[in-house]
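Engineer: Generate coordinates for the sequence data below:
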Amino acid sequence: MINQKLHIAILASPGLGHLIPVLILGNRLATDHGAKVTVLVNKTSSSVESQVLNNLASGPNMDILEIPPVNISHLIDADTKAVAKICIMVREALPFIRSAIAGMKDGHRPDILISDLFCTEAFSIATEFNMPKYVYVPTSAWHVALKMYSPVLDKQIEGQYVDQTEPLKIPGCKSIRPEDVVEPMVDRNDQQYRELVRMGREFSTGDGILINTWEDLEQVTLEAFRENESLREVIMSTVYPIGPLTRPGEPKGPNRENHELMEWLDMQPCESVLYVSFGSGGTLSAEQLIELAWGLEISQQRFIWVVRPPARIADGSFFTSGSGSSDGTPDYLPEGFLGRTKNLGLIVSQWAPQVEILSHPSVGGFLTHCGWSSTLESLKNGVPMIVWPLYAEQRLNATMLAEELGVAVRPKVLPTKKVVDRKEIEEMVRTIMASEKGKLIRERVKQVKISALDAIQEGGSSVNAMRDFLKDVTVRLNMRS
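Structural biologist: Next up, the predicted model:
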């Protein structure tokens, strides 16, 4: 337990996928370590975001400070990619962030600033107020290594990374296959690539880096951060693997749909249900939705599928009166799909209580976009995966899960390059849910689960890493005074 007077500010970039990890970290620091935590939120108008704030931002030591929204319409166009938009929004919000911190009078102002991975430009504000500054990266150590080494790769390699014939080498770490680079590295001429290289440089300008991973999961990469001389020239900050930090379970509450879903799960055999979800931002093409529906149906395995309409009709509606087939199947799924699979699975509109589902004993597999938060939730519950990467760093995650950890299967070709047909989907589902290979994968993921839980128990590697981080904070604050 640290001194309760320690006041930590955590800055979250816009978007639900960035807000949730920051709130989880804030809760851990406030609940387990007695710190006062203020989360500075670049809030959007999302109703789901408001719900998440209400669920995760509770407790006497946790405050939320909303930063006024900024208008970036004059700074972007139809071709501006997601990472560039986020960076521009943060950049435009910096004066408001500074005002928010300056408005906290002496004695109430934060002692340190933790920035999420997109907000490192705020380090200059921390320096102005003489605050130690850290970055929190809620993804894998492998991703951090690639991002921080990107300024070196930028000088070493000519042409597009995806056109290279040899893996991208990072000293002391696993190499990166060109097809597995993170989304901003696909096009070196795009603004989001330049933003990524900038962030890679800025990570080491802080006093330390918190990563949502643990020692046993990524031992080679974490050792390289500490011991490889060539890599240490780039990654000069101390790295603290403090994960896996994941969401607590959402309360069932009065939501009738969620209550019925969990009741249905209670009636299914152990490890018999495949959970299918592509995260808060994952959408598939109309053609791919049809193939996925057929693949699930012909596999004859139980499932829960969180479905979002394809992009062309993603208007927030789902089952609308007068549309689709007579059994209520929407137009973008095969006619009669709901009727034919009513005894096999459940279709859920837009959102489901993922933590509760993955922790339920009836769930035996997870078809996922393999965002890192979803990945950790699956690993902590010992659930094997079918990995279906869509964007961001998900290709890296998919390669680690399927080829290194052996806890997943994946399509033969990246789903972003080619439609995965129903036959291949059926084969992957049956492999995970009903094959000898699936049993071996299940045994392996349960070993990873034990490792994950050990890391966050008293005396575990991640608990010790968090304490080392807090000791470093104390030393820096004493030096400041």
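Engineer: wait, isn't Ile8 in contact with Leu29?
Structural biologist: Yes: using Cβ atoms under 8 Å, Ile8 is in contact with Leu29, at 5.8 Å. The way it works is simple: take the backbone N, C-alpha and C, and place the C-beta from them, glycine included.
Engineer: between these two, what contacts are shared?
Structural biologist: Residues touching both Ile8 and Leu29 (Cβ atoms under 8 Å, 6 or more residues apart in numbering): Ala35, Val37.
Engineer: Contacts only, for Lys423.
Structural biologist: Per Cβ under 8 Å, 6+ apart, neighbours of Lys423: Gly295.
Engineer: Am I right that it falls within a strand?
Structural biologist: No: assignment of Lys423 by DSSP: H, G, I helix; E, B strand; the rest coil gives helix, placing it outside any strand.
Engineer: Starting from Ile298, give me the distance back to it.
Structural biologist: 8 Å (Cβ to Cβ, to the nearest Å).
Engineer: before we move on, what about Glu356?
Structural biologist: Separation of Glu356 from Ile298 (Cβ to Cβ) stands at 28 Å.
Engineer: of these two, who's got more company?
Structural biologist: Each of Glu356 and Ile298 has its neighbours counted (other Cβ atoms under 10 Å); Glu356 has more, 17 against 14.
Engineer: Find the residue closest to that one in space, skipping its chain neighbours.
Structural biologist: Gly249 (5.3 Å; Cβ to Cβ, 6 or more residues apart in numbering).
Engineer: pretty sure that neighbour contacts Val355?
Structural biologist: Yes: contact criterion Cβ under 8 Å: Gly249 and Val355 qualify, at 4.6 Å.
Engineer: These two: which is more packed in?
Structural biologist: Val355 (16 against 13).
Engineer: Could I get the contacting residues of the more buried one?
Structural biologist: Counting by Cβ under 8 Å, 6+ apart, Val355 makes contact with Thr246, Arg247, Pro248, Gly249, Glu250, Glu377.
Engineer: On the C-terminal side of the worst-scoring helix or strand of the chain on mean pLDDT, identify the next helix or strand.
Structural biologist: For the chain, the helix or strand with the lowest mean confidence is helix 47-56, at a mean of 64 (criterion: mean pLDDT, DSSP states H and E). Next in sequence after helix 47-56, counting helices and strands by DSSP states H and E, comes strand 62-67.
Engineer: Quick one: list the elements packing against the next helix or strand after that next one.
Structural biologist: Downstream of strand 62-67, the first helix or strand assigned by DSSP H and E is helix 82-102. On a contact count with 3 or more Cβ pairs under 8 Å, 6 or more residues apart in numbering; DSSP states H and E, helix 82-102 meets strand 36-42, strand 62-67, helix 123-128, helix 191-202.
Engineer: Now do the same for the helix or strand just after the third one: mean pLDDT, whole number.
Structural biologist: By that I understand helix 123-128. Going down the chain from helix 123-128, the next helix or strand is strand 133-137, by DSSP H and E. Averaged across strand 133-137, pLDDT comes to 98.
Engineer: by how many degrees do strand 133-137 and helix 191-202 diverge?
Structural biologist: 130 degrees (axes from the mean of the first three to the mean of the last three Cα atoms, to 10 degrees).
Engineer: so is the residue nearest to Glu356 in a helix, a strand, or just coil?
Structural biologist: Per three-state DSSP, the local secondary structure of Gly249 is coil.
Engineer: where's it relative to Lys36, distance?
Structural biologist: 25 Å.
Engineer: Over to Val463?
Structural biologist: On the measure of Cβ to Cβ, Val463 and Lys36 end up 21 Å apart.
Engineer: ok, now Thr120?
Structural biologist: The gap separating Thr120 from Lys36 is 23 Å, by Cβ to Cβ.
Engineer: do the same with His18
Structural biologist: From His18 to Lys36 the distance is 22 Å (Cβ to Cβ).
Engineer: Walking through the stretch 151-300 of the chain, point out its helices one by one.
Structural biologist: In the stretch 151-300 of the chain, the helices defined using DSSP state H, counting those that start in this stretch lie at 191-202, 219-227, 229-232, 256-266, 286-299.
Engineer: Quick one: those helices as CSV, columns for distance to Val70 and mean pLDDT too.
Structural biologist: Compiled in CSV, the helices of the stretch 151-300 of the chain are given as follows (distance: least, Cβ to Cβ, whole Å; pLDDT from 0 to 100):
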stretch, distance to Val70, mean pLDDT
helix 191-202, 16, 97
helix 219-227, 34, 95
helix 229-232, 36, 90
helix 256-266, 35, 85
helix 286-299, 34, 97
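Engineer: Nearest to Ile157, out of these?
Structural biologist: helix 191-202 (12.1 Å; Cβ to Cβ).
Engineer: how distant is the closest one from the center of its chain?
Structural biologist: In terms of Cα atoms, centre = their mean, to the nearest Å, the centre of helix 191-202 is set 19 Å apart from its chain centre.
Engineer: Kindly calculate the angle that it makes with helix 82-102.
Structural biologist: Orientation check (the same axes, to 10 degrees): helix 191-202 against helix 82-102 gives 50 degrees.
Engineer: Buried residues in helix 191-202, which are they?
Structural biologist: For helix 191-202, a neighbour-count test (16 or more other Cβ atoms under 10 Å) marks Gln191, Gln192, Tyr193, Glu195, Leu196, Val197, Met199, Gly200, Glu202 as buried.
Engineer: likewise stretch 74-90?
Structural biologist: Those buried within stretch 74-90 under the rule 16+ other Cβ under 10 Å are Lys81, Val83, Ala84, Lys85, Ile86, Cys87, Ile88, Met89, Val90.
Engineer: Next up, the contacts around the fifth one.
Structural biologist: By Cβ under 8 Å, 6+ apart, the contact set of Ile86 is Ser13, Pro14, Gly15, His18, Phe118.
Engineer: quick one: average confidence on stretch 28-37?
Structural biologist: 93.
Engineer: Adding distance to Val135, write the buried residues of helix 191-202 out as TSV.
Structural biologist: Output for the buried residues of helix 191-202, formatted as TSV (distance: Cβ to Cβ, whole Å):
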residue	distance to Val135
Gln191	21
Gln192	18
Tyr193	20
Glu195	15
Leu196	14
Val197	16
Met199	9
Gly200	11
Glu202	8
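Engineer: returning to what we had before: in terms of model confidence, name the weakest of the contacts of Ile86.
Structural biologist: Lowest pLDDT among the contacts of Ile86: Gly15, 85.
Engineer: Run through who's touching the one helix or strand Thr474 maps to.
Structural biologist: Element membership of Thr474, judged by DSSP H and E, is helix 461-480. For helix 461-480, contacts defined as Cβ under 8 Å, 6+ apart pick out 2, 6, 28, 33, 111-112, 130, 132, 134, 207-208, 210, 214-216, 238, 240-244, 454-457.
Engineer: Give me the buried entries from these.
Structural biologist: 2, 6, 28, 33, 111-112, 132, 134, 207-208, 210, 214-216, 238, 240-244, 454-456.
Engineer: taking the residues you listed one by one, which sit in strands?
Structural biologist: Ile112, Tyr134, Gly208, Leu210, Thr238, Tyr240, Pro241 (DSSP state E).
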